[in-house]
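Chemist: The sequence isn't on hand, but the structure is:
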């Protein structure tokens, strides 16, 4: 005597053709994607948590999307900056060098990864005196960022570090002594 086949979806007996996925049997009419209800009789069938999915719905629900190309990642995946990336697409926003497979670190700015060089060159403020990136202490004067050691009197080259006042003479920093101002 043959064993009766039971449909996983309706729990009724299957007397005609049975469809099978993940060792479970279904009536042809019940072999449907749980999201869009398209028939899964032809094409690829995906299962997860005992549910049936068409390829499109399975991918959109469970497969990560690359932050750079917006395509599904079906192989190796890099997770960084709360995003997923194809390894070859996780690269510096400035120079396009790849971070995957290398020992390079990255820095984030405006949701983009940068290598140290590009971060320094494109993101960091430049000093108003030497035009080099400011990576440590800075001060702001004349609507410009300055290295503390670069903000000096244009006449005598004295720094203003340590609360010395400066004066603006023709848009340039000048110390009190050079400006002819005496301390009282």
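Modeler: Okay, I see it. The structure displayed is predicted, hence computed values, not measured ones. Residues are numbered from 1 along each chain as shown.

Chemist: shouldn't residue 46 be in contact with residue 56?
Modeler: No - at 9.8 Å, residue 46 does not count as touching residue 56 under the criterion of CB atoms under 8 Å. No exception for glycine: its C-beta is placed from N, CA and C like everyone else's.

Chemist: The two: which is more packed in?
Modeler: residue 46 (20 against 15; other CB atoms under 10 Å).

Chemist: Identify the residue spatially nearest to that one, adjacent ones excluded.
Modeler: residue 58 (3.7 Å; CB to CB, 6 or more residues apart in numbering).

Chemist: now for the one helix or strand that neighbour maps to, which elements pack on it?
Modeler: Under the criterion of DSSP states H and E, residue 58 resides in helix 55-62. If you count contacts as 3 or more CB pairs under 8 Å, 6 or more residues apart in numbering; DSSP states H and E, helix 55-62 packs onto strand 46-48.

Chemist: which parts of the next helix or strand after the strand it packs on are buried?
Modeler: Next along the chain after strand 46-48, taking DSSP H and E as the criterion, comes strand 51-53. Under the neighbour-count criterion of 16 or more other CB atoms under 10 Å, strand 51-53 has 52-53 buried.

Chemist: One more: stretch 103-110?
Modeler: Quick answer for stretch 103-110 (16+ other CB under 10 Å): residue 106.

Chemist: I'd like the mean pLDDT over it, please.
Modeler: The average pLDDT for stretch 103-110 rounds to 88.

Chemist: what's the span of that stretch, first residue to last?
Modeler: By CA to CA, to the nearest Å, the extent of stretch 103-110 from end to end equals 23 Å.

Chemist: low-confidence ranges in this protein?
Modeler: 1-2, 163-164, 183-184 (pLDDT under 70).

Chemist: just the helices in it please.
Modeler: Counting by DSSP state H, one finds helices in the chain at the ranges 55-62, 116-118, 176-179.

Chemist: could I get these as CSV with distance to residue 35?
Modeler: Below are these laid out as CSV (distance: least, CB to CB, whole Å):
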stretch, distance to residue 35
helix 55-62, 4
helix 116-118, 42
helix 176-179, 75
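
Chemist: quick revisit: so the residue nearest to residue 46 touches residue 49, yeah?
Modeler: No - in this structure, residue 58 is not within contact of residue 49 by CB under 8 Å, at 11.5 Å.

Chemist: how far away is the nearest residue to residue 167 once chain neighbours are set aside from residue 168?
Modeler: Spatial nearest neighbour of residue 167, chain neighbours left out: residue 179 (4.4 Å); criterion: CB to CB, 6+ apart. According to CB to CB, to the nearest Å, residue 179 and residue 168 sit 9 Å apart.
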